[in-house]
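Chemist: task: produce atomic coordinates for the following.
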Amino acid sequence: MKKKLVPLFRSVVKSGEPMLYPVYRNDGTLLASKGLVLTVSQTNTLLEEELFTDAYELTSAVNKAQTREDLVDTHKLASPFLRFRQAEEMLQDIYVKPSHPTNMSKLLTIIGRIQTICQQMPDAAIAKIFIENIDNYAVQHALHTAILCNLTAEYLRWDKEDTKHLIGASITMNFSLGMKQNDYHQQSEPLTAEQKVEIANHPTESSKCLQVIGIKQKKWLEFVEKHHESIDGTGYPCKLTSKDIPLGASILKLADVYCAKITGRTYRSPIIPSIAARDIFMEKTDNGTSGLIQIFVKIVGLYPPGCLVKLASNEIGIVTRRGARVDTPVVRAIFNANGSQIVTPMLRNTEQKPYIVKEIVEMGYIRPDLDLERFWT
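Modeler: Residues are numbered from 1 along each chain as shown. Have a look, this model is predicted:
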């Protein structure tokens, strides 16, 4: 019988304790057999991987644990948000130590993780972009851009390798800037002359840094080098025109801009998704990339998962999934028309007149401690 693999928390891997079930890579490669007692070194090596197990084995372990309350939590599936946070930790390590010999392996692990989550839980992946507070722009923006690029490549039916190269370019497009991106994100005063030069050169410098750590894939490097070029020749650093700019670089550029707009800056508030898409569309309609903006809207919707919306009923709800149309998402009402929190969030059909979406509501409407991730876990 063919194994059905499901993702796991890293917490299930502990040195000195027998494995309760086998652990695999996503491709089915066995990493640790059931009953194996791992050394500390083996545990650390295993934790560099994206972990999966057989669904049948996991179910059996959970059933056996029901009589031991202290074991029940051990067998949880990994939340997509936790798995993204682990990827962010790895990416931060890479940015802080750009020449470390394990960076190549870590980048490939992050790419695999993004592809897996986007394939298994695309609405949760989109929701990540919209529900979390931005406290580490350098890594969070890279992951957000990568999610949108991954979903776009899937929509366009790119092959797996080209998609990997686009995701890799997304998380390393600003590699030479590293954690300095956080300073730029928070900076409200004008850029200095030195900063302008550094930013203008970062596509080329990032490509050079990637080659030093072993990235040789031509498309990956080309997407990084050209992700700020515009097909009308107004981009940088080389002012290339359409014939010299690959589609992947154009996708990366627009995803980068879109994610930056909806995130905001120190000196401006985030722009709501539909307005962000409209703004980019208006900027790009004369240079041939408007089709990509339309694809972005089809992928995330006008009201993407993770957004708060006001319904015709005056209830406030959270978009949990994309709907049949870009303007009819699946929504769970979490506040009634009087502003009181609904104990059990109610599913609303936004195709029905009483529950059509009127507008997006700013996240500041809700308490910061309200757990929105539960809608996708």
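Chemist: only C-alpha atoms from now on, for both contacts and neighbour counts.
Modeler: Fine.
Chemist: what's the first-to-last distance across stretch 221-231?
Modeler: 18 Å (C-alpha to C-alpha, to the nearest Å).
Chemist: ok, which stretches of the stretch 101-250 of the chain are strands?
Modeler: Using DSSP state E, counting those that start in this stretch, no strands are found in the stretch 101-250 of the chain.
Chemist: low pLDDT regions in the stretch 101-250 of the chain?
Modeler: For the stretch 101-250 of the chain, applying pLDDT under 70 flags no range at all.
Chemist: please redo it, this time with the cut-off set to 90
Modeler: The model of the stretch 101-250 of the chain has pLDDT under 90 over residues 101-102, 116, 119-121, 130-135, 184-191, 230-234, 241-243.
Chemist: next up, the contacts around Arg53.
Modeler: Actually, residue 53 is Thr. It isn't Arg. Leu5, Val6, Pro7, Leu8, Tyr21, Pro22, Val23, Tyr24 (C-alpha atoms under 8 Å, 6 or more residues apart in numbering).
Chemist: and the nearest residue to it once chain neighbours are set aside, what are its bridge partners?
Modeler: Spatial nearest neighbour of Thr53, chain neighbours left out: Val23 (4.9 Å); criterion: C-alpha to C-alpha, 6 or more residues apart in numbering. Here Val23 sits in beta bridges with Ala32, going by DSSP bridges.
Chemist: just give me the neighbour total for Val23.
Modeler: Counted with other C-alpha atoms under 10 Å, the neighbours of Val23 add up to 27.
Chemist: now do the one 10 residues further on
Modeler: Other residues within reach of Ser33, judged by other C-alpha under 10 Å, total 14.
Chemist: the helices in the stretch 101-250 of the chain, which residues?
Modeler: Remark: helices assigned in the stretch 101-250 of the chain by DSSP state H, counting those that start in this stretch are 103-120, 122-131, 137-155, 160-172, 180-186, 193-212, 218-225, 247-263.
Chemist: contacts only, for the closest residue to Gly323 other than its chain neighbours.
Modeler: Leaving aside its chain neighbours, Gly323 sits nearest to Pro329 (4.1 Å; criterion: C-alpha to C-alpha, 6+ apart). Shown in contact with Pro329 (C-alpha under 8 Å, 6+ apart): Gly301, Tyr303, Pro304, Pro305, Val319, Thr320, Arg321, Arg322, Gly323, Thr350.
Chemist: distance of the third one relative to Ile134?
Modeler: Using C-alpha to C-alpha, Pro304 is found at 18 Å from Ile134.
Chemist: next: Leu292.
Modeler: Taken as C-alpha to C-alpha, the span from Leu292 to Ile134 is 26 Å.
Chemist: and for Lys310?
Modeler: Using C-alpha to C-alpha, Lys310 is found at 23 Å from Ile134.
Chemist: those two: who's more crowded?
Modeler: Lys310 (21 against 14).
Chemist: in three-state terms, label that one for me.
Modeler: Here Lys310 is recorded as strand under DSSP: H, G, I helix; E, B strand; the rest coil.
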